[in-house]
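Enquirer: Model the structure of this input:
(one chain, ligands or ions: 1)
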Amino acid sequence: MKHEFRYHLLASLALFFLVSIFLVIIKSPNIQILYLFLGIFVGSIILDTDHLIFWFFLKPNTEESRLAKITIKNFDIKSLTKLINASHSSHHNLIFHHYFFQSILVLFTFFIFTSTSNLFVLSLVVSLNLHLLVDEYLDFLINPKILQKWLFAREEKQLPVKFLNRYLAIFSIFLIIFIILLFYSQL
Ligand SMILES: [Zn+2]
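Expert: I've put the predicted structure just below:
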């Protein structure tokens, strides 16, 4: 998956500008835009840390894992990003990139919205939801079978490929609800 990072950046920027425009319209303090930016930024990168878990704990002895450890040791962020992008299609057994985590995340996001109006926290959780959906749509459009493989990793039975579009539709609706709640939380 070559343009993975580019699509995450695009999706995050779209979310950032959408909410920023709203904040400007309702005359929110400027510091809120900074919180929004930080929340989206942290949220968009945090989920890919499960690739690190894969390299360090699940499959520490592969050539890819050795390469990853060297790039991390040398703080070679550019090579590390490249490695994460390339490994997205080979890592089928991840913790965060999984339907179970995504379902828990949706419940958790609703809970967070009922407990705080802190824009950093809220934009962070919305960004987590967005990240998973971007990964899912990218693989769904290229090859739904790859999506099925990692989304339902470790499961005996997997959701049939023909229902994956409904799965994506449901979680897309959740994301839209969360973005609307994000607006409401700032009123
Ligand atoms: Zn990802």
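
Enquirer: how far away is the residue most central in space within the chain from Phe101?
Expert: Nearest to the geometric centre of the chain sits His131, at 2.1 Å (CA atoms, centre = their mean). Relative to Phe101, His131 is positioned 11 Å away (CB to CB, to the nearest Å). C-beta: built from backbone N, CA, C; applies to glycine.

Enquirer: Also Ile40?
Expert: In terms of CB to CB, Ile40 sits 19 Å off from Phe101.

Enquirer: count of residues packed around the residue lying closest to Gln186 once chain neighbours are set aside?
Expert: Using CB to CB, 6 or more residues apart in numbering and skipping the chain neighbours, the partner closest in space to Gln186 is Ser28 (6.0 Å). Other residues within reach of Ser28, judged by other CB atoms under 10 Å, total 18.

Enquirer: How about Gln102?
Expert: 19.

Enquirer: Can you tell me the closest non-neighbouring residue to it?
Expert: Leu132 is the one closest to Gln102 (CB to CB, 6+ apart), at 5.3 Å.

Enquirer: How far does the worst-scoring helix or strand of the chain on mean pLDDT sit from its chain's centre?
Expert: Within the chain, confidence by mean pLDDT, DSSP states H and E is lowest for helix 77-87 among all helices and strands, at a mean of 79. Offset of helix 77-87 from its chain centre (CA atoms, centre = their mean, to the nearest Å): 16 Å.
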